[in-house]
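*Asks:* The following block contains a protein sequence and its predicted model.
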Amino acid sequence: MNIHVKTKNLTITPDIQDYLDKKIGSLDKLIDPLDTSVSCQVELGRASNHHKSGDIFRAEINLRKDGKQFRAVSEHETLMAAMDEAKDEILQEFKSYKSKRTTLVRRGGAAIKNMMKGISSVGGSIGSFSGRIGGHIGGRFRKWRGK
């Protein structure tokens with residue numbers, strides 16, 4: 001996975017970089033790390049400089065996979081909390097997408113299966129229906145011939 005980090009009014013220390021790598025690494029459970037179609041952009045920084053009660057940190061994660069875009073933004077009093085919340089939000093969004101996609105595939109497979117069952121049951125009912133017609137016609141024919 002290709003990760004690009006951008007900062008705004010903030011310097012990245014090795015501790016922050018390690019923490020970020022650990023948080024983004026948790027996405028590897030859902031995304032194949034060798035998949036080259038996945039790109040991740042992370043923006044970290046201070047929301048603004050005019051807050052009366054101290055700094056407000058912002059974390060934004062943009063994830064792109066197979067042409068689908070996922071985005072999470074969080075603002076907190078600490079940078080670590082903002083990263084945690086943004087990571088949780090992007091994980092939830094991606095899990096929801098995967099679940100919907102799996103559900104659609106299963107529903108499509110079930111529809112095909114039911115369609116195939118319908119064809120075989122129609123064939124069975126046609127066979128029994130034609131047997132009933134044939135027996136009925138045969139009986140009338142026997143009556144007509146006088147047997």
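*Replies:* On my side now, so go ahead. Residues are numbered from 1 along each chain as shown.

*Asks:* What segments of the chain are strands?
*Replies:* Applying DSSP state E to the chain gives strands spanning 2-8, 39-46, 57-65, 68-76.

*Asks:* What strands flank the shortest one, and is each parallel or antiparallel?
*Replies:* Same thing as strand 2-8. With DSSP bridges as the test, strand 2-8 is paired with strand 39-46 (parallel).

*Asks:* what comes up buried for the strand it pairs with?
*Replies:* 40, 42-46 (16 or more other CB atoms under 10 Å). The way it works is simple: take the backbone N, C-alpha and C, and place the C-beta from them, glycine included.

*Asks:* Among those, which one sits closest to residue 90?
*Replies:* Residue 90 lies nearest to residue 40 out of these, by CB to CB, at 8.9 Å.

*Asks:* Dump the strands of the chain into TSV; add mean pLDDT as well.
*Replies:* Listed next are these as TSV, based on pLDDT from 0 to 100:
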stretch	mean pLDDT
strand 2-8	81
strand 39-46	89
strand 57-65	91
strand 68-76	92
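
*Asks:* follow-up on the earlier one: so which two of the buried residues of strand 39-46 are the farthest from each other?
*Replies:* Farthest pair in those, by CB to CB: 40 and 46, 21.5 Å.

*Asks:* Show the contacting residues for the most centrally placed residue in the chain.
*Replies:* Nearest to the geometric centre of the chain sits residue 98, at 1.7 Å (CA atoms, centre = their mean). Shown in contact with residue 98 (CB atoms under 8 Å, 6 or more residues apart in numbering): residue 30.

*Asks:* how far away is it from residue 1?
*Replies:* To residue 1, residue 98 is 16 Å away according to CB to CB, to the nearest Å.

*Asks:* quick revisit: which one of the strands of the chain has the most crowded surroundings?
*Replies:* Among the strands of the chain, strand 57-65 has the highest mean neighbour count (mean count of other CB atoms under 10 Å), at a mean of 20.

*Asks:* contacts for that strand?
*Replies:* Contacts of strand 57-65 (CB under 8 Å, 6+ apart): 8, 10, 24, 27, 31, 35, 37-47, 69-79, 81-83, 85-87, 89-90, 94.

*Asks:* That strand pairs with which strands?
*Replies:* strand 39-46 (antiparallel), strand 68-76 (antiparallel).
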